[in-house]
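[1] sequence first, predicted coordinates after that:
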Amino acid sequence: MKRVITFTIIIIFSMLFTSCEEEFVPSDVKAKQEYVVEGQLEYSSLKIPAFVILSKSTSYFSTLDSNLVENLYIDDADVFVSDGDKKVKLPYVCAKDLSFPMLFKLYGVLGNKIFNSGFCAYLDINNELKIEEGREYKLIIEHEGNTIESKTTIPENVILDSLYFKEPPGEKIDSAAMMWVKFSDKADVKNYYRYFVIENRKKIFSYNSLFDDLIIDGQTVDLPFRKPIDPRSPDFNKDIGFTYLRGDTLQFKLCALDEDHYNFRESFLFSNNQGPFTSYVRASDNIEGGIGIWGGYACQVVNIIVPEK
């Protein structure tokens with residue numbers, strides 16, 4: 001009898017808690033549409049042109065389809081970038097009008113979407129901007145009476161000494177190698193880094209590849225650089241984990257970025273990796289009059305084949 005009463009009480013309390021439960025809706029999911037900016041400059045030997053992708057946000061509860069996504073992109077804005085010496089207007093250019101060498105350059109920063117013939121962006125196609133270390137770049141976007149602004153800096157470049165491969169720790173796998181990089185961190189200034197790897201000219205990886213100089217400040221260090229791949233990705237090879245296949249061709253890019261850019265990338269990664277029981281987090285940004293990122297990189301690029309032995 002006692003067990004029956006106890007079980008009945010549990011059921012009643014469960015019903016009460018269920019009936020009082022309210023749906024949680026983050027405060028900004030039903031907010032008005034905002035301008036969304038994805039813009040980037042890069043100082044490197046690759047001569048990648050500055051670009052800006054401009055769109056509008058949509059409701060958290062919208063049903064996404066190809067028509068909705070296509071209509072979110074904005075193709076009639078006036079987009080300017082000032083490098084301190086001159087103000088350059090970026091033309092709106094579509095992927096179908098670009099040469100293959102230019103497409104391949106942009107693949108390194110935009111991934112497979114650049115090969116979509118319907119993809120378009122505001123692009124410094126003639127490299128009119130002077131991209132240099134230590135320079136500030138101001139972004140000005142004008143659209144339908146609205147002004148969106150931002151600024152970013154290109155930090156001093158990374159001092160990269162060498163790149164080499166070793167056998168990974170643990171059980172020996174003949175086909176795998178661990179990448180090591182020797183580089184120097186500048187002293188007495190906070191430095192932020194991100195690295196990218198293009199594998200066999202086909203796949204680009206940059207997952208969880210941000211770090212700062214909290215531990216290495218002012219030192220010349222040799223550090224292992226694991227493949228920056230999401231372990232949930234279908235490209236993840238469980239046999240070799242985060243190491244590299246011997247014989248593969250790699251393009252390795254180690255980049256410096258400023259604090260605002262770093263904070264955006266870090267918070268964006270965190271917001272995308274939240275589980276069902278974590279708090280709602282909105283990525284940090286540096287856009288006035290909208291959301292998103294206008295960021296610069298200074299990068300050292302190394303093309304290398306992973307040695308067979």
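    Everything's here; your move.
[2] where exactly do the helices run in the stretch 151-300 of the chain?
    Counting by DSSP state H, counting those that start in this stretch, the stretch 151-300 of the chain has these helices, from start to end: 259-272.
[3] which intervals of it have sub-threshold pLDDT?
    Applying pLDDT under 70 to the stretch 151-300 of the chain flags the ranges 271-283.
[4] strands along that one, start to end?
    Along the stretch 151-300 of the chain, the segments classed as strands by DSSP state E, counting those that start in this stretch run 159-166, 176-184, 192-199, 203-205, 210-212, 220-224, 244-245, 249-257, 291-305.
[5] same list, those, but as a markdown table with mean neighbour count and distance to residue 111 please.
    C-beta: built from backbone N, CA, C; applies to glycine. Formatted as a markdown table, the strands of the stretch 151-300 of the chain follow (neighbours: other CB atoms under 10 Å; distance: least, CB to CB, whole Å):
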| stretch | mean neighbour count | distance to residue 111 |
| --- | --- | --- |
| strand 159-166 | 14 | 23 |
| strand 176-184 | 18 | 21 |
| strand 192-199 | 20 | 10 |
| strand 203-205 | 17 | 6 |
| strand 210-212 | 17 | 17 |
| strand 220-224 | 12 | 25 |
| strand 244-245 | 20 | 19 |
| strand 249-257 | 22 | 14 |
| strand 291-305 | 20 | 16 |
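[6] any idea which of these gets closest to residue 115?
    Between residue 115 and the strands of the stretch 151-300 of the chain, the shortest separation by CB to CB is 12.1 Å, and it involves strand 203-205.
[7] can you give the contact residues for the closest one?
    By CB atoms under 8 Å, 6 or more residues apart in numbering, the residues outside strand 203-205 that reach it are 107-108, 111, 196-199, 227-229, 235.
[8] go again with 6 Å.
    111, 197-198, 227-229, 235 (CB atoms under 6 Å, 6 or more residues apart in numbering).
[9] list buried residues within those.
    Buried members of these, scored by 16 or more other CB atoms under 10 Å, are 197-198, 227-229.
[10] which single one of those residues is nearest to residue 122?
    Looking across the buried ones among the contacts of strand 203-205 and measuring by CB to CB, the closest to residue 122 is residue 198, at 24.1 Å.
[11] may I have the beta-bridge partners of the residue lying closest to that closest one once chain neighbours are set aside?
    Of all residues not flanking residue 198 in the chain, residue 251 sits nearest, at 4.1 Å (CB to CB, 6 or more residues apart in numbering). Here residue 251 sits in beta bridges with residue 198, residue 303, going by DSSP bridges.
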